[in-house]
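**Q** no sequence on this one, just coordinates:
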C-alpha cells in the first residue's frame, strides 16, 4: 500500500533518493533542503507526481525551476504534514534533463497513433 503524499514528513521527503528517467508528471512537491546553493538561496528537491502518485525525484542542489513553457496553468496547495508546497499542473509535462542541480521541463504531448484504421492515415 502506497503512502498518501499528505502523510510524508519533511524529513522523509528530504531523504528520498533521486530516481526516474523520461518522467512524465502533472504535479511537483517542492521540498526545501537544509543547505544553501552558491547563489545564497535555499536548495530544493522536487518530488514529481502523476496525480497523487510519486513517479520521480530530482534535484537536491537546485535553487530554481526552469519551465520551458511560460504559460503554465497550475494550482498551489500546502501538504498537511510536511508543510511542503505542491504545484498541481493542468497538463502533463516531461523532465528534459533530470540532474541534481536543476529541473528543466516542457509540455508532454502523447504521441498520436500513425493510423486510425488500416485504411486511413492521420
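**A** Received, thanks. Because the structure is predicted, anything quoted here is derived from the model rather than measured.

**Q** Once you drop chain neighbours, what's closest to residue 18?
**A** residue 57 (5.0 Å; C-beta to C-beta, 6 or more residues apart in numbering). To be clear about C-beta, it is placed using only N, CA and C from the backbone, and glycine gets the same treatment.

**Q** for residue 33, same thing?
**A** Leaving out its chain neighbours, the residue that sits closest to residue 33 by C-beta to C-beta, 6+ apart is residue 43, at 4.2 Å.

**Q** follow-up on the earlier one: for the strand or helix carrying the residue nearest to residue 18, buried residues please.
**A** Assessed by DSSP states H and E, residue 57 sits inside strand 53-62. Neighbour counts over strand 53-62 (16 or more other C-beta atoms under 10 Å) mark 54, 55, 56, 57, 58, 59, 60, 62 as buried.

**Q** center of this structure, which residue is that?
**A** The residue lying closest to the centre of the chain (C-alpha atoms, centre = their mean) is residue 48, at 2.9 Å.

**Q** what residues are up against that residue?
**A** Contacts for residue 48 (C-beta atoms under 8 Å, 6 or more residues apart in numbering) come out as 20, 23, 25, 27, 28, 54, 55, 56, 57, 58, 95.

**Q** One more: residue 33?
**A** Residue 33 neighbours (C-beta under 8 Å, 6+ apart): 14, 42, 43, 44, 45, 60, 61.

**Q** Looking at those residues, which are in strands?
**A** Those of those mapping onto strands are 42, 43, 44, 45, 60, 61, per DSSP state E.

**Q** just the strands in this structure please.
**A** Assigned by DSSP E, the chain shows strands spanning 24-36, 42-50, 53-62, 65-67, 74-78, 85-95, 103-107, 115-117, 120-121.
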